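[1] Have a look; sequence and predicted model below, questions after that.
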Amino acid sequence: MTTNGIDRQKNIEGAVFLILFCLTIPAANWMIGNVGTVCSANGPCLLPVAPGLMAPSGVLMIGAALVLRDLVQRRLGVEFGIGAIVAGAAISAAVAPASLVIASAAAFLISEFSDFAVYTPLARRRLVLAVAASSLAGLVVDSIVFLWLAFGSLDFLLGQIVGKLWMVLLAIPFVAYLRRRDERLGLKPA
């Protein structure tokens, strides 16, 4: 593949990851009020994430967002990674229910920068480890900040962590595949 072809492929993939990343935010906010095995009038819709453990349904999309932001940065560079975080926080504030705007935007912004801080130094050497470690940091921070600001309680903390972790674990084989494919094609991180 030519250098032009490699650059074009990286940019297309980066744009796809960026679009998917941005879509996870409204999807998470919609799911929290509409998808679950239990939905209360004044609370989030919940779904089981482990035996006897429930979490607000939006956690699934936030777990995916943490991985996608890493992939945006890998394909498009640090500047796009930071831009995605800022855009994501703005989208989160725009689409969150009024009662959750501050919690949603603050949790998103803080957790994604936590993810960024862990991912960036590890990414060039160990992509799979970088995605796993940064996502773990981001999902714990997101869970604590969101629950505390939204509900003044950490009652769903373990469920939030487990729900987001499922999405990260499901993404790891794809990330490993991307790393192997990148090496085979000569694609270098941005």
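    It's in.

[2] Distance from the chain centre to the longest helix along the chain, please.
    For the chain, the longest helix by residue count, based on DSSP state H, is helix 3-34. Its chain's C-alpha centre and that of helix 3-34 lie 11 Å apart, by CA atoms, centre = their mean, to the nearest Å.

[3] partners of the helix or strand that it is followed by in the sheet?
    Moving toward the C-terminus from helix 3-34, the first helix or strand encountered (DSSP states H and E) is strand 38-39. Strand pairing for strand 38-39, using DSSP bridges, gives strand 45-50 (antiparallel).

[4] Between helix 3-34 and the partner strand, find me the angle.
    110 degrees (axes from the mean of the first three to the mean of the last three CA atoms, to 10 degrees).

[5] buried stuff in strand 45-50?
    By 16 or more other CB atoms under 10 Å, the buried positions in strand 45-50 come out as Cys45, Leu46, Leu47, Val49. Quick note: C-beta positions are derived from backbone N, CA and C, even for glycine.

[6] same deal with stretch 30-40?
    Met31, Ile32, Gly33, Val35, Gly36.

[7] So which residues of the protein form helices?
    Taking DSSP H, the helices of the chain run over residues 3-34, 59-76, 78-95, 101-122, 127-151, 157-185.

[8] residues making contact with stretch 17-28?
    Residues from elsewhere that reach stretch 17-28 (CB atoms under 8 Å, 6 or more residues apart in numbering): 58-62, 64-65, 68-69, 71-72, 75-76, 80, 84, 87-88, 91-92, 95, 108.

[9] next one: stretch 70-84
    Taking contacts as CB under 8 Å, 6+ apart, the residues outside stretch 70-84 that touch it are 10-11, 13-15, 17-18, 21-22, 69, 112, 115-116, 119-120, 123, 127, 130-131, 134-135, 175, 178, 189-190.

[10] where in this structure is pLDDT low?
    By pLDDT under 70, the low-scoring segments of the chain are 1-2.

[11] What degree of burial does Leu122 show, as a neighbour count?
    17 (other CB atoms under 10 Å).

[12] whoops, I mixed them up, Leu20
    Leu20 has 16 neighbours, counted by other CB under 10 Å.

[13] Output the buried residues of strand 45-50 as a markdown table; include the columns distance to Ser104.
    Output for these, formatted as a markdown table (distance: CB to CB, whole Å):
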| residue | distance to Ser104 |
| --- | --- |
| Cys45 | 15 |
| Leu46 | 17 |
| Leu47 | 18 |
| Val49 | 19 |
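
[14] Now for Trp148, how many residues are close by?
    Residues within reach of Trp148, counting by other CB under 10 Å, total 15.

[15] Sorry, wrong one. I was asking about Lys10.
    Residues within reach of Lys10, counting by other CB under 10 Å, total 20.
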